[in-house]
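Colleague: Make a model of this:
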Amino acid sequence: MDISIRVPLVTDIQAVGAALGRLAQPGDMVMLNGPLGAGKTTMTQGIARGLGVKGKVSSPTFVIAQIHHGATMDLVHVDAYRLGSIEELDALDLDTSLDVSLTVVEWGAGKVETLSGDRLEITIERPEGAQAGLDPEDLFMDAPRTLSLRSFGARGDEFLKDLVADADVAKLITATEQADEAATDGDDEVLSDSVKGL
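Modeller: Here you go, the predicted structure:
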């Protein structure tokens, strides 16, 4: 199952994340993809909020993995950017079992898919042109993004269906559909005007 959602604000990324945290079950895995500054850690902060994690959640770039204790289950937050293989993650000997936690992996594409056939992959895209010439100070500016969500396996499908049914996420999906519809209607009007001019 695949779905795309446009999120106008960083707080919307966190709201989708919070819904993921509320809906997660032990053993779930979420892989977050996207360029630097896209909002992967922001999404993870929302997920942590949904799980009832207290304290700061930041990217575990240099420690590779952090465990945050939540009210419902632990959050295992992995930054796979520096991992050469899944064996390196295994070698960390995390003091929690992935099958009783929610595992969120940033930069995991091509590295951690074997951890779980049932997973949700989310690619966070910044608007066209947002990367070119962007001042590093502005990497985290509040700019619209597109979330492309894809589920794998039966649990991944169930997780995504539950997410789509969440009230906060449903509002964002409706707004995305309305914007797409308005854009299509505008394209039709331009085409119609062009044909009239012939």
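Colleague: C-alpha from now on. contacts and neighbour counts both.
Modeller: OK.
Colleague: Mean pLDDT per helix and strand in the chain: which one sits at the bottom?
Modeller: Least confident element among the helices and strands of the chain, by mean pLDDT, DSSP states H and E: helix 86-90 (a mean of 68).
Colleague: which residues of the chain fall in helices?
Modeller: 10-23, 40-51, 86-90, 153-165, 167-196 (DSSP state H).
Colleague: looking at these, which is buried most?
Modeller: Sort these by mean neighbour count, taking mean count of other Cα atoms under 10 Å, and helix 40-51 sits at the top with a mean of 26.
Colleague: Now do it against helix 10-23, angle only.
Modeller: Note on geometry: by axes from the mean of the first three to the mean of the last three Cα atoms, to 10 degrees, helix 40-51 and helix 10-23 are set 50 degrees apart in direction.
Colleague: what is the mean pLDDT for helix 40-51?
Modeller: What helix 40-51 shows for mean pLDDT is 95.
Colleague: Just the C-alphas of that helix, formatted as CSV.
Modeller: What follows is helix 40-51, C-alpha atoms only, in CSV (Å, rounded to 0.1, in the frame of the first residue of the first chain):
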residue,chain,number,x,y,z
LYS,A,40,13.5,12.5,9.8
THR,A,41,14.5,13.4,13.4
THR,A,42,11.5,15.7,13.6
MET,A,43,9.3,12.8,12.6
THR,A,44,11.0,10.6,15.3
GLN,A,45,10.4,13.3,17.9
GLY,A,46,6.7,13.1,17.1
ILE,A,47,6.8,9.3,17.3
ALA,A,48,8.4,9.6,20.7
ARG,A,49,5.7,12.0,21.9
GLY,A,50,3.1,9.5,20.7
LEU,A,51,4.8,6.7,22.7
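Colleague: what about that helix, distance to the chain center?
Modeller: Put simply, helix 40-51 sits 9 Å off its chain's centre (Cα atoms, centre = their mean, to the nearest Å).
Colleague: Does anything pack onto it? Which helices or strands?
Modeller: Under the contact criterion of 3 or more Cα pairs under 8 Å, 6 or more residues apart in numbering; DSSP states H and E, helix 40-51 touches helix 10-23, strand 74-79, strand 101-106.
Colleague: To Thr174, which of the ones you listed lies closest?
Modeller: Evaluated over the helices and strands packed on helix 40-51, closeness to Thr174 peaks at helix 10-23, with 13.6 Å, by Cα to Cα.
Colleague: Run through who's touching that closest one.
Modeller: Contacting residues not belonging to helix 10-23 are listed as 7, 39, 42-51, 142-144, 159, 162-163, 166, 168-169 [Cα atoms under 8 Å, 6 or more residues apart in numbering].
Colleague: do stretch 105-123 as well
Modeller: 28-34, 40-41, 77-81, 83-86, 146-156, 159-160.
Colleague: Got a PyMOL select line for the buried ones in those?
Modeller: With 16 or more other Cα atoms under 10 Å as the burial test, the buried ones among the contacts of stretch 105-123 are selected in PyMOL as follows:
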select buried, resi 28+29+30+31+32+33+34+40+41+77+78+79+80+81+83+86+146+147+148+149+150+151+152+155+156+159+160
